[in-house]
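Enquirer: Just the structure for this:
(chains A and B, ligands or ions: 2)
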Amino acid sequence: MARRLYNFHGGLSLDDHKYEPTRLSAAPSHIPPRLYLPLQQHIGSAAAPVVGVGEHVLKGQLIAHATDYISASVHASSSGIVEAIAEFPLPHPSGLQGTCIVIRTDGLDRWSVRDHLPRTDYRTRDPHELRQMIRDAGIVGMGGAGFPTAVKLNPGPNVKIDTLILNGAECEPYITCDDLLMRERPEEIVEGMLIMQHILQADTCIIAIESNKQEAYRCMLAATQAAQNAALEVVMIPTIYPTGGEKQLIQALTGREVPAGGLPAKIGIVMQNVATAAAVYRAVVLGEPLIARYVTLAGGVPHACNLEVLLGTPVRYLIEEMHGVRATVDKIIMGGPMMGFALPLDDVPIVKTSNAILISTVADRPLPARVEASACIRCGECTRVCPAQLLPQQLYWYARAREFERVQQYHLFDCIECGCCDYVCPSHIPLVQYYRYAKTEISAQIRDKQKAEAARQRHETRLQRLERQKLERAQRHETRKHLVENNADNSTTGGAGNDTKKAAILAAVERSKIKRATSEGAQKNVENPPSDVQQKISEVDARCAKKCPEPRDDSAN
Amino acid sequence: MLRLKTPSSPHTHAMTSVSITMLKVIVALIPGIVASTYYFGWGILINIFLAGATALISEAAVLRLRHYAIAPALLDGSALVTALLLALAVPPIAPWWISVLGSLFAIVISKQLYGGLGYNPFNPAMAGYAFLLISFPQPMTAWLLPETLSGVHLNFMEALHVTFFQAWPTELRVDAVSMATPLDLLKTQLGVHKTISEIRFGTSIIGDFGGKGIEWIGNWYLLGGLWLLYMRVIAWQIPLAMLATLFALATLFSLYDPDVYSWPMFHIFSGGTILCAFFIATDPVTAATTPKGRLIYGAGIGALIFIIRTWGGYPDAVAFAVLLMNIAAPTIDYYTQPRVYGHGK
Ligand code: SF4
Ligand code: SF4
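Expert: Ligands and ions are numbered 1, 2, ... in the order given. Reported below is the predicted structural model:
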């Protein structure tokens, strides 16, 4: 039974450069002398360390736990001693630093106890319990976004998920880590998917694979057939970049569009990456937390390959140990050539979302340097290829002119930064760079406005409080005077004075009750977001790398 | 510490550039140029040379005055394309200063004064053509009788003499080799109340569907145009909408009164229709850019060509139709924004 496929607008066909690294199987990388494990490798709040400096940790041991509903735990990826908990560079385009737990490995790679369910037992378990296991394993979306998987698997009580999609499209050139995973561990992926299907109670499960991965397709097909589950489908989709984008893949498979600003769950769909599914399997069935992942090393290296890398391994170590070309490296891209970002330095660790390292050396530049931009000739090529059906040229025009109102009217925030427009532009205009700039500026403006608003509110509340306190003081004063007078008047009875006092106490109790109730209510919101809105907020928050307590108007985004 | 470059994504780029695009346009014009030369002789090439040289020199001069780098702008090829289109629209026996002035106007006034490539609201070649037609109507409407009809062939030196000194070989009389264009002819004859069929069959210069012989030049432009479509240099919407609209209107009117309204193929294969559809109306800078907008833009040009040819004061209408729609392009773009993903169906 072949599934009907749909087209999405635009897209590119790119040279995929995928052959070389898929000839070899993915070897486990060596244990580096030090592992740098950032507390934040995901969208949401950073994890909080539960180990101290000098402590000995075992492989798979929890070293930092999730602090919030949208957060993810971190585990030691090998055994050793915690050497430091301090700021180190993160894999980030701006060379951002963040707190990392540094483990000096002992080379023994000794496991801690693994807590797990016996095989196939998950069918009898409550989804809540399974979600907790996934959460405890620190699993986040491994396709690049890094959104905590347990949260994504909890769309809320009133949301019916009909389709679970496993994204094995891997549409970016050079990257082959999912390809190899599908070839080498198809059973794990299928099992993981079945676990997630059970959690979501989804009717259909689709594994989508681009047509340039025939071998992976065959392996996945065999594994799904072995699972003998009628709900599972393996679908081959045409190789068009960016068909692996969440929105594009949903459109290609179902013809449905995710409403602007909403999550796929709104239209009954949850999408997970294939590597995430394998991680879910390992967490639930083998009791292994997320401590390693497949990473593609490609570009200007002698042998492009895939490695199973321990999280926290420095990129520098990988390059030195595996290829020894470090001295001549002049550019390192984390991710693919279309959407990946260039690392300012190589002393950064592999994290849960790092799928590929592309290396450009002085001798071997797989990715050409940018050509100087010239004026836009309004050729409309960008419009033709934009998968979001935007008008990239107009966006560019207004972003450049800093007309941020207009650029939002042209739906800047629907841009997925896929780079298609930029790729085809004959004038070589760095379009995506302009969009990022405009997005950052607008977000900053919104944040400033909110800050100002919050400050204004704080100020007003303070004035009110002062006013109230003054009033209360005056009242108390009144009462006391009254009391004294009363006491003086009817020193024998004293009933009325007691009553007033009691009333005042009662009122105070009542006030504090209300206060508690409201603050509890607010907290609940954080712990148990009723809707995807909360998730969105956290996504935005994470992006701003700053916690912002006021709910913001998402429609502005 | 290793210092690395951190350019913004994407880190790869298609093998495209403005120069490559313009080069393709020039290549696509070659069949049409060869055909024109076959019918009209050396005058075509002389005009191309004059216009091209003027365009490059004047562009370089303006860039120099504006303190811009000269090489990148000249190498992008856009000035050359403008010059080519203008030269092909100018009569092959026009005096030399026609090509030079037209090219100068196109590059300096309608391109560089607006800020250079990408900023010009009007198609420079057509602005230059309109300027010439308005200022010098007489030399702009005196066309050469195709050599296939007159049997007269000017060699290169004779052609040069004509262009530079308006000096014809002694044995030739000017009116023996020059003529009005078929479009012009039709207009004047209709003016003296002849019917279309009287005109069509009463003259030797009108062939099956356009000017006799020269009706075939359109096909060679068409060939180049189709290649551009195939190479995705131009979008299909503009040529299709333009030709379809022109054809539909012409059919409608000639069915209504075949004595007054010329037959549809005449419209398609006369004047600059085909050249316009594939090479002029598709100039990206001055056209509408949204897919729907391009349909409207093309249709607008087609309709205007028909209207101006039929009821207007000028025999051919390509330049004015294009310029008028240039004005409308930004508005068209504004009202034809595509529906963005996720924003309702
Ligand atoms: S592709 Fe580049 S030159 Fe063409 S319209 Fe878009 S931004 Fe302008
Ligand atoms: S980067 Fe944005 S504007 Fe450009 S093609 Fe992708 S979605 Fe469209």
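
Enquirer: which stretch of helix or strand covers residue 251?
Expert: No chain was given, so I picked chain A. helix A:246-254 (DSSP states H and E).

Enquirer: Chain B was what I was after
Expert: Counting by DSSP H and E, residue B:251 is found in helix B:237-256.

Enquirer: Which positions in that helix come out as buried?
Expert: B:237-243, B:245-247, B:249-250, B:253-254 (16 or more other Cβ atoms under 10 Å in any protein chain shown). Where C-beta positions appear, they are placed from N, C-alpha and C, glycine not excepted.

Enquirer: Could you find the lowest-pLDDT member of those residues?
Expert: Lowest pLDDT within these is found at residue B:254 (85).

Enquirer: surely residue A:412 meets residue A:439?
Expert: Yes - between residue A:412 and residue A:439 there is a contact at 6.5 Å, judged by Cβ atoms under 8 Å.

Enquirer: For residue A:191, list the residues it contacts.
Expert: Contacts for residue A:191 (Cβ atoms under 8 Å, 6 or more residues apart in numbering or on different chains) come out as A:227, A:281, A:285.

Enquirer: Closest one to ligand 1 out of those, please.
Expert: Looking at these and their distance to ligand 1, the nearest is residue A:281, at 43.7 Å (Cβ to the nearest ligand atom).

Enquirer: tally of neighbours for residue 31?
Expert: Looking at chain A here, since you left the chain open. For residue A:31, the count of nearby residues is 20 (other Cβ atoms under 10 Å in any protein chain shown).

Enquirer: You answered for a different chain; I wanted chain B.
Expert: 18.

Enquirer: Can you tell me the element it falls in?
Expert: helix B:18-40.

Enquirer: for chain B, where's the lowest mean pLDDT among helices and strands?
Expert: helix B:174-177 (a mean of 61; mean pLDDT, DSSP states H and E).

Enquirer: Report the contact partners of the closest residue to chain B within the stretch 101-250 of chain A.
Expert: At 6.3 Å from chain B, residue A:247 is the closest residue in the stretch 101-250 of chain A, using Cβ to the nearest Cβ. Residues in contact with residue A:247, defined by Cβ under 8 Å, 6+ apart, are A:8, A:257-258, A:387-388, A:416, B:341-342.

Enquirer: Most neighbours among the residues you listed, please name it.
Expert: The most crowded member of the contacts of residue A:247, judged by other Cβ under 10 Å, is residue A:388 (26 neighbours).

Enquirer: Name the nearest residue to that residue, sequence neighbours excluded.
Expert: Among residues not flanking residue A:388 along the chain, residue B:341 sits closest, at 4.6 Å (Cβ to Cβ, 6 or more residues apart in numbering or on different chains).

Enquirer: how close does the closest residue to residue A:6 other than its chain neighbours get to ligand 2?
Expert: With sequence-adjacent residues excluded and distances taken as Cβ to Cβ, 6+ apart, residue A:6 is closest to residue A:255, at 4.1 Å. Here the criterion is Cβ to the nearest ligand atom, to the nearest Å. By it, residue A:255 lies 19 Å from ligand 2.

Enquirer: wait, residue A:255 sits on residue A:7?
Expert: No - the criterion here is Cβ under 8 Å, and residue A:255 misses it with residue A:7 at 9.1 Å.

Enquirer: And the residue of the stretch 51-200 of chain B closest to chain A?
Expert: Taking Cβ to the nearest Cβ, the stretch 51-200 of chain B has residue B:118 as its residue nearest chain A, at 3.4 Å.

Enquirer: How is chain A divided into domains?
Expert: A:20-25+A:129-296, A:381-557 (automatic domain parsing).

Enquirer: Mean pLDDT lowest where, among the ones you listed?
Expert: domain A:381-557 (a mean of 73).

Enquirer: Can you tell me which residues in the stretch 201-345 of chain B are near chain A?
Expert: B:235, B:284-285, B:287, B:289-291, B:294, B:333, B:337-345 (Cβ under 8 Å from any Cβ of the partner chain).

Enquirer: thinking again about what came up before, so for ligand 1, which of the domains of chain A sits nearest?
Expert: Of all these, domain A:381-557 sits nearest to ligand 1, with 3.2 Å by Cβ to the nearest ligand atom.

Enquirer: neighbours of the nearest residue to residue B:321 once chain neighbours are set aside, just the number please.
Expert: Nearest residue to residue B:321 in three dimensions, chain neighbours excluded: residue B:304, at 3.6 Å (Cβ to Cβ, 6+ apart). Number of residues near residue B:304 (other Cβ under 10 Å) recorded here: 22.

Enquirer: Likewise for residue A:161?
Expert: Around residue A:161 there are 22 residues (other Cβ under 10 Å).

Enquirer: Name the SS class of it, please.
Expert: coil (DSSP: H, G, I helix; E, B strand; the rest coil).

Enquirer: With adjacent residues omitted, what lies nearest to it?
Expert: residue A:200 (4.5 Å).

Enquirer: Contact partners for that neighbour?
Expert: A:127, A:153, A:155, A:161, A:164, A:270.

Enquirer: my guess is the fourth one contacts residue A:268, does it?
Expert: Yes - between residue A:161 and residue A:268 there is a contact under Cβ under 8 Å: 5.6 Å.

Enquirer: rewinding a little: close to ligand 2 as well: tell me which of the buried residues of helix B:237-256 qualify.
Expert: Residues of those in contact with ligand 2 (Cβ under 6 Å from any ligand atom): none.

Enquirer: With distance to residue B:260 as extra columns, can I get these in TSV?
Expert: Shown next, in TSV, are the buried residues of helix B:237-256 (distance: Cβ to Cβ, whole Å):
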residue	distance to residue B:260
B:237	32
B:238	29
B:239	28
B:240	28
B:241	26
B:242	23
B:243	22
B:245	20
B:246	17
B:247	18
B:249	14
B:250	12
B:253	8
B:254	9
